[in-house]
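Visitor: return atomic coordinates for the entry below.
(2 chains)
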Amino acid sequence: MSELVRLTDVTKVYQGGITGALNGVSVTVEKGEFTAIMGPSGSGKSTMLNLVAGLDRPSSGTITVGGTDLSKLGEAGLARFRRDHIGFVFQFFYLLPNLTALENVLIPAQLKGNTATGRGRELLEQLGIPEVADKYPARLSGGQQQRVAIARALINNPTLLLADEPTGALDTHSGEQVMELLGGLHRNGQTILLVTHDAKLATRNAARVISVMDGKIVDDARLESPEKAPSEVIRMRSEDPTALGPRKAQETK
Amino acid sequence: MRAVFVKALADLRRRRLQASVIFLTVLLAVGTGTMALSVMTQTRDPYQTAFEAQKGAHLQVYFDGVTDRQALASTPSLLGASAFGGPYPSTTVEFQHGTRKFSLDTFGRDNPGGDVAVLKITSGHWPVSNSEIVVTRSFADLNHISVGDSVKVVSVTQKPVLTVAAEVVDIDEGSADLSSQHAWVLSSAIPALTPTTPNSSFYEMDYRFATDPSSSQLAGYVDRLRASLPPGSVGGSVNYILIRNIFNITNQILTSVLVAFSVFALAATAAIVANLVTGIVISSYREIGIMKAVGFAPRQVVAVFVLQILAPAVAACLVGIPAGAVASQPLLANSSQALGLAYVPSFSIGLDLLALVGALFIVALAATLPALRAGLMKPVAVLATATAPRGASGRWLRLLANRVRLPQPIVLGVGDAFARPLRSGLTLIAILLGVATVTVAIGLPRSFQKINDSETSAGNMQVIVTRSSGFPDSEVTRILNAQPETARVVALTLQNFDVPGIGDPVNTRVFRGDASHLGYMLVSGRWFSGPGEVLAEKALLHDANLKVGDTFTATANGKPVQLHVVGEVFDVSNLGHELFMDWSTLAEVSPESSPEVYYVTLTPGANVAAYIRRVAAAEPDFIDVRPNDTGLIGPVKIIDSVLVILAIVIALIAIGGVFNTLLLNTRERVRDTATLKAVGMSPREVMVMVAASAGLLALIGGLVATPLGVVMNRLLLDVVNSSAGNDTPPIGYAAFNPLELLVILLLGVAVSMLAAMIPGRWAARTNVVEVLHAE
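Guide: Below is the predicted model:
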């Protein structure tokens, strides 16, 4: 598989912050991978996602996505980059309330100058919600709204699908359905980067789990199969061996 | 209550930009309104003050020179007058000053005081010898004559030289740019200044009554005089109502304009305030829920919102009301100056309080109605309610925009314009009023220019020649026709006709030659083409109960003549009480008449100054030759200036309204904007989206407002012309061409889109991460 995303020594410090949201993180994501970024609240996982999407800029370090160094792009360039290469799914869906479901799906395509109505309807069909095309978000359930958001994220055939706690605002059943969808997309070749605080969700669906704590990667586990428990996986070494924590120490003992 | 104030002040500090918008719009609106109120309520006062102070004559009557003086002396008791002046021996004096020659009715009067028609001396002294003359200050200012100047009398053979001894204000005549003027000499000087030709002398008497008589009473007095004296004794009369109207016409027109536009300004401000409060309420749903949850009663919630609007409004009133009162002073000073009153700035505390209470009431009402919504909401409902609009508002616009394949940011912006229909509606009101006002401010001065051009025959006549009574008409005609540049000469005389139903003699313009080319505007009908045909103005037609096509019998010099109204003409002289006729009609009743004024049209390219010099040199003593003055008269200049200022004020209010709406929209939709940026909308595209929203509102507002402005222009023109006793001629309405209206519309769109720049930039700079992860 070829490399799609590379973070090199990325640090992000917010104004007024004493320590960084991200501290010298380096990681790569291969094309076709389903990678979960896991960690407690405030660990820096969403920050990492935002930086990869070009929604924010690192304080230092470089981020390359699909060969494009994001630091070389201006605001307009980043917007085009997101439009062309990124699909983003938010925890709270963020559908535009005065557009119908189909209109929401088509927005990114229309920003590129494409009509794509057929593809929009096709996506809604694939995601199991063809009947909601002409309905407004206020009339949709959470699960339906999230599916519409996923369709919106896919309309431009993005290189990379980013999902920030996509099941966070859903009930268990809807959340499972959404994860199944994401799994299905991955099986069809979509590269997915998923942020979650739910270890079970991460390990059940993703082939790789990156654990983040206090702005550093503390674990980076490739799973042979999604069903394997974390203790049985083959681990990748991070740049800082001490960041691996107790497990690594136990192995070397 | 303390909690309400604390919350309101805290919110005010947080919403400084909105507070500024309220402050500015209320300031402009209340300033304009105060100016209008000041002019409206104090318009009559200067004239009335001067009239009482100078014991103005309610009625002035001119009697034939051979009327028995004893009979004249008995007329005051006949009429029941409480005071009288005269009979003053009088004549028409023609004199030369510099290169100009003038003709003034001159009264022999030995002192300026008395029981009626007191003359207020503004400079110089009353004549002490027969070689001194007094003129009105208005006449002196207009013609650059000063106390001490010498004038040579040319209407009598001896050609005496008189010295201007004084300038006075005569409350019983209008200003020199609008009406003819009088002069005074000692009564012993009159015989030497009276030509020997018949009917060169007359008497003038002034009558004052215990209470102000009405027009019909004044007409009755004149009828009584005619009945009691030999036929032909009463030559003409002037009453105080006409003079007062002439004095006040400027302020009357200004008042109409100011009141109309003040109402617009207040309406636009109310719309903006209502919009603002609605927006604040919507953006504060969660806060309202919290307020209610911690114990604010519904009325206290309402009070919080109303107070944060009233605070900047009160501040605006405290600045705007004095500013409006000060701004009205030049207009009031203009009136006082004309009346010879020492100008004393006048401020009415009562009026200012009325303006304050009125403005705050309107603002409070505009704020309370949407704030009531906040007060009445259930806490649970507001805590759960989203801020951005939901649903189908604007969808059809987006579909239409998509159909014509507009870029997506424009499609979204266009849809957003009506996402909140009430807010959009209120904003449209502000835009409507702004664009309509600008349209009127462009059109009305142009219409006034057309009227001015008609009144002055601009472009149709370049030289005016006035003949002294002793110089033959045939000689004037010979001199003029001898000039190679003379293309056409139309001669004019003025003659009084008695018209049934009209108390005062009607001033009539009698033309010799083809006057139809002088540029007078016809309201209806046609120009006269033969004897007996006349044109009349609206006020005369109305008062005499006549219409175009009617025939009536008038009297001149005691002789009846049948007249047929063939058209309604536009002319503001004598406030619409005039007749126009051909010389052949006058010849039936006054064959000996000769014209005094000659309107000369020159050939294209002729040198006007050279022509004037040559004609004046041909007869330096007995003819006055001057270029046709086509400049705007003072009152029109004032009205034009006020219109421009009003248009700027209301346009600023409208821009404030657009800015305010966009600010509310962008702040409400900050999450949507962040989402759009997250899915790939660039900052420039965000600005385009916001600008498109503003542009569409301005386009719709302009499409309605521009024709509305044209209609308002017509209505205001009708009001103004009606004040001057005229209907508006059709050509007077043609102040615009379609291309200009399109330009006004497009300018409105451009200005609105400019107003969108600040909210657009704010939206474009939305930090996606901060906004979306603030949930």
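Visitor: tell me which parts of the stretch 1-150 of chain A are close to chain B?
Guide: A:46, A:50, A:53, A:55-56, A:75-76, A:79-80, A:82-84, A:86, A:88, A:90-92, A:94-100, A:103, A:107-108, A:110-113, A:136-138 (C-beta under 8 Å from any C-beta of the partner chain). Backbone N, C-alpha and C define where each C-beta goes, glycine included.
Visitor: try it again at 7 Å.
Guide: Counting by C-beta under 7 Å from any C-beta of the partner chain, the residues of the stretch 1-150 of chain A close to chain B are A:46, A:50, A:55-56, A:75-76, A:79-80, A:82-83, A:88, A:90, A:92, A:94, A:96-98, A:107-108, A:110-111, A:136, A:138.
Visitor: what residues sit buried inside stretch B:6-19?
Guide: B:7, B:8, B:11, B:12, B:15, B:18, B:19 (16 or more other C-beta atoms under 10 Å in any protein chain shown).
Visitor: what's the answer for stretch B:523-535, then?
Guide: B:523, B:525, B:527, B:528, B:531, B:532, B:533, B:534, B:535.
Visitor: coming back round to it: pull the most distant pair out of the buried residues of stretch B:6-19.
Guide: B:7 and B:18 (15.7 Å; C-beta to C-beta).
Visitor: just to revisit the earlier point, identify the farthest-apart pair in the buried residues of stretch B:523-535.
Guide: B:523 and B:531 (22.7 Å).
Visitor: what is the burial count for residue 130?
Guide: The chain I'm using is chain A. Neighbour count of residue A:130, defined by other C-beta atoms under 10 Å in any protein chain shown: 14.
Visitor: to clarify, I was referring to chain B.
Guide: Neighbourhood size, residue B:130 [other C-beta under 10 Å]: 18.
Visitor: strands - which of the buried residues of stretch B:6-19 land there?
Guide: Among these, none falls in strands (DSSP state E).
Visitor: out of these, which comes closest to residue A:29?
Guide: Scanning the buried residues of stretch B:6-19 for proximity to residue A:29, where the rule is C-beta to C-beta, the winner is residue B:15, at 44.9 Å.
Visitor: isn't residue B:664 up against residue B:279?
Guide: Yes: if you go by C-beta atoms under 7 Å, residue B:664 and residue B:279 touch, sitting 3.4 Å apart.
Visitor: which residues do these two both contact?
Guide: residue B:423 (C-beta atoms under 7 Å, 6 or more residues apart in numbering or on different chains).
Visitor: quick one: contacts for the residue of chain B found nearest chain A?
Guide: Evaluated by C-beta to the nearest C-beta, chain B has residue B:680 as its residue closest to chain A, separated by 2.7 Å. Counting by C-beta under 7 Å, 6+ apart, residue B:680 makes contact with A:79, A:80, A:82, A:83, A:108, A:111.
Visitor: secondary structure added to the buried residues of stretch B:523-535, as JSON lines?
Guide: JSON lines is the format used below for the buried residues of stretch B:523-535 (DSSP: H, G, I helix; E, B strand; the rest coil):
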{"residue": "B:523", "secondary structure": "strand"}
{"residue": "B:525", "secondary structure": "strand"}
{"residue": "B:527", "secondary structure": "coil"}
{"residue": "B:528", "secondary structure": "coil"}
{"residue": "B:531", "secondary structure": "coil"}
{"residue": "B:532", "secondary structure": "coil"}
{"residue": "B:533", "secondary structure": "strand"}
{"residue": "B:534", "secondary structure": "strand"}
{"residue": "B:535", "secondary structure": "strand"}
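Visitor: state the distance from the residue in the stretch 151-253 of chain A positioned nearest to chain B to residue B:348.
Guide: The nearest approach of the stretch 151-253 of chain A to chain B comes at residue A:152, 6.7 Å away (C-beta to the nearest C-beta). Residue A:152 is 65 Å from residue B:348, where distance means C-beta to C-beta, to the nearest Å.
Visitor: so these two - more neighbours on which side?
Guide: residue A:152 (29 against 14).
Visitor: ok so, going back, so the residue of chain B closest to chain A lies in a helix, does it not?
Guide: No: Residue B:680 is assigned coil when assessed by three-state DSSP, not a helix.
Visitor: for the closest residue to chain B within the stretch 51-200 of chain A, which non-adjacent residue is spatially closest?
Guide: Per C-beta to the nearest C-beta, residue A:83 is where the stretch 51-200 of chain A lies closest to chain B, at 2.7 Å. Leaving aside its sequence neighbours, residue A:83 sits nearest to residue B:680 (C-beta to C-beta, 6 or more residues apart in numbering or on different chains; 2.7 Å).
Visitor: for the stretch 151-253 of chain A, what lies in contact range of chain B?
Guide: residue A:152.
Visitor: per-residue pLDDT, residue B:707?
Guide: The confidence metric pLDDT takes the value 91 at residue B:707.
Visitor: helix/strand/coil for residue B:101?
Guide: Put simply, residue B:101 is strand when judged by three-state DSSP.
Visitor: run through the bridge partners of residue 208.
Guide: Just going to use chain A. Residue A:208 forms beta bridges with residue A:35, residue A:222, as assigned by DSSP bridges.
Visitor: the intended chain is chain B.
Guide: With DSSP bridges as the rule, residue B:208 is bridged to residue B:83.
Visitor: verify the contact between it and residue B:118 for me.
Guide: No: Residue B:208 is beyond contact range of residue B:118, at 10.4 Å (criterion: C-beta under 7 Å).
Visitor: find residues that contact each of those two.
Guide: residue B:55.
Visitor: could you give the average pLDDT over stretch B:374-387?
Guide: 62.
Visitor: list phi and psi for residue B:156.
Guide: As for residue B:156, its main-chain torsions (degrees, to the nearest 10) stand at phi -120, psi 160.
Visitor: residues contacting it?
Guide: By C-beta under 7 Å, 6+ apart, the contact set of residue B:156 is B:193, B:195.
Visitor: do you know the pLDDT at it?
Guide: For residue B:156, the pLDDT comes out at 89.
Visitor: so residue B:560 is in which element?
Guide: Assessed by DSSP states H and E, residue B:560 sits inside strand B:559-570.
Visitor: what about the closest residue in space to residue B:143 that isn't next to it in sequence, how many neighbours?
Guide: Nearest residue to residue B:143, sequence neighbours excluded (C-beta to C-beta, 6+ apart): residue B:100, at 6.6 Å. By other C-beta under 10 Å, 16 other residues sit near residue B:100.
Visitor: for residue B:100, what are its contacts?
Guide: By C-beta under 7 Å, 6+ apart, the neighbours of residue B:100 are B:143, B:624, B:626.
Visitor: ok, it to residue B:149 distance?
Guide: 12 Å.
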